[in-house]
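Student: I'd like to go over a predicted model; first the sequence, then the structure.
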Amino acid sequence: MNKKDKGKFFENIACKFLEEKKIDIIERNYKTPFGEIDIIGKDQENLVFFEVKGAFTDKFKAYENINEKKKLKIQKSGLYFIKNNKDLIFENFRFDAIIITMEGNYFRVSHLKNI
């Protein structure tokens, strides 16, 4: 499985997880001049920008990949989305991460809020 296929695989798991938590998916793979936002969703009155990271083997690598440089890209990309979608009105916005790791024969999904 190549990098693109792995990304799509983990994003599909993340979307299913978010939908089960009653978070509406607004957009996937939103591209900006600063980078890409994996998932944009609505959690009650909050606009949420999700970064998805997954690992089949080294679960700590998925966590390590959300470093300060990555967080800054997500923030800039999120603000770009807000600026270019002024018709969408939300009380607040936040930046979250969905971490998916292999635990034995199943996947563990962790939702980290306000990264």
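Tutor: Nice, I can see it.

Student: what about stretch 98-109, start to end distance?
Tutor: Stretch 98-109 has an end-to-end distance of 7 Å (CA to CA, to the nearest Å).

Student: any idea how far that stretch is from the chain center?
Tutor: Relative to the centre of its chain, stretch 98-109 is centred 15 Å away, using CA atoms, centre = their mean, to the nearest Å.

Student: give me the residues contacting it.
Tutor: Residues outside stretch 98-109 that contact it (CB atoms under 8 Å, 6 or more residues apart in numbering): 10, 13-14, 17-18, 38-39, 50-57, 59, 62-63, 66, 110-112. For every residue, glycine as well, the C-beta is placed using N, CA and C.

Student: please identify the buried residues of stretch 99-115?
Tutor: For stretch 99-115, burial by neighbour count (16 or more other CB atoms under 10 Å) applies to 99-101, 109.

Student: farthest pair within those?
Tutor: T101 and V109 (8.4 Å; CB to CB).

Student: before we move on, the earlier item: can you tell me which of the buried residues of stretch 99-115 are in helices?
Tutor: In helices, judged by DSSP state H, none of the buried residues of stretch 99-115 are found.

Student: any of the contacts of stretch 98-109 buried? List them.
Tutor: 10, 14, 17-18, 38-39, 50-55, 59, 62-63, 66.

Student: out of those, which sit inside strands?
Tutor: 38-39, 50-55 (DSSP state E).

Student: now, which of these sits nearest K6?
Tutor: So of these, ranked by how close each gets to K6 (CB to CB), first place is G54, at 6.9 Å.

Student: thinking again about what came up before, would you reformat the buried residues of stretch 99-115 as JSON lines and include distance to Y80 and pLDDT?
Tutor: Shown next, in JSON lines, are these (distance: CB to CB, whole Å; pLDDT from 0 to 100):
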{"residue": "I99", "distance to Y80": "24", "pLDDT": "92"}
{"residue": "I100", "distance to Y80": "26", "pLDDT": "92"}
{"residue": "T101", "distance to Y80": "30", "pLDDT": "89"}
{"residue": "V109", "distance to Y80": "27", "pLDDT": "93"}
